[in-house]
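**Student:** fold the following for me, if possible:
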Amino acid sequence: MSSKKKYSSPKLFEFRIKYNAGSGRSAQDSYHYYSAENASQALLYHELMMKRRGYRSQTISIERKDPYRAIANVPPRWIDESNLINNE
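**Tutor:** Sure, this is the predicted structure:
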């Protein structure tokens, strides 16, 4: 018998981060989408991307897409994980 190692990658979720250019700068909110293991990782990706491009913004919310809704052929549902923002 051969003993092959099975490599498993961590499960990635789709996150949607709602942000605004800041108070007094923009009345319109924007979204960025990230694939990440958890909400804190998605927020880190977002902050690094904003810093790399030289943007200043305020993060309004972080939501995780429910992956099981697609199986049932219903519209996607976003689960709020914004408590991470308030803790920082």
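**Student:** all contacts plus neighbour counts: C-alpha atoms, from now on.
**Tutor:** Noted.
**Student:** by mean pLDDT, which helix or strand of the chain comes out lowest?
**Tutor:** Lowest by mean pLDDT, DSSP states H and E among the helices and strands of the chain is helix 83-87, with a mean of 74.
**Student:** where are the low-confidence patches of the protein?
**Tutor:** 1-5, 22-26, 70, 72, 86-88 (pLDDT under 70).
**Student:** ok, which stretches of it are helices?
**Tutor:** Residue ranges of the helices in the chain, as given by DSSP state H, are 39-53, 83-87.
**Student:** so of those, which one's packed in deepest?
**Tutor:** Neighbour counts (mean count of other CA atoms under 10 Å) averaged over each of those peak at helix 39-53, with a mean of 15.
**Student:** residues making contact with that helix?
**Tutor:** For helix 39-53, the surrounding residues in contact (CA atoms under 8 Å, 6 or more residues apart in numbering) are 15, 17, 32, 34-36, 56-57, 62-64, 81, 84.
**Student:** widest-spaced pair of those residues?
**Tutor:** R56 and R64 (23.1 Å; CA to CA).
**Student:** between these two, which one's more packed in?
**Tutor:** Neighbours per residue (other CA atoms under 10 Å) separate R56 from R64, with R64 holding more: 23 against 12.
**Student:** center of the protein - which residue?
**Tutor:** Centroid-nearest residue in the chain, with CA atoms, centre = their mean: F15, separated by 2.8 Å.
**Student:** pretty sure it contacts Y31?
**Tutor:** No. F15 lies out of contact with Y31 (CA atoms under 8 Å); the separation is 9.9 Å.
**Student:** now do the strands in this protein.
**Tutor:** Secondary structure of the chain by DSSP state E: the strands cover 13-20, 30-36, 58-65, 78-80.
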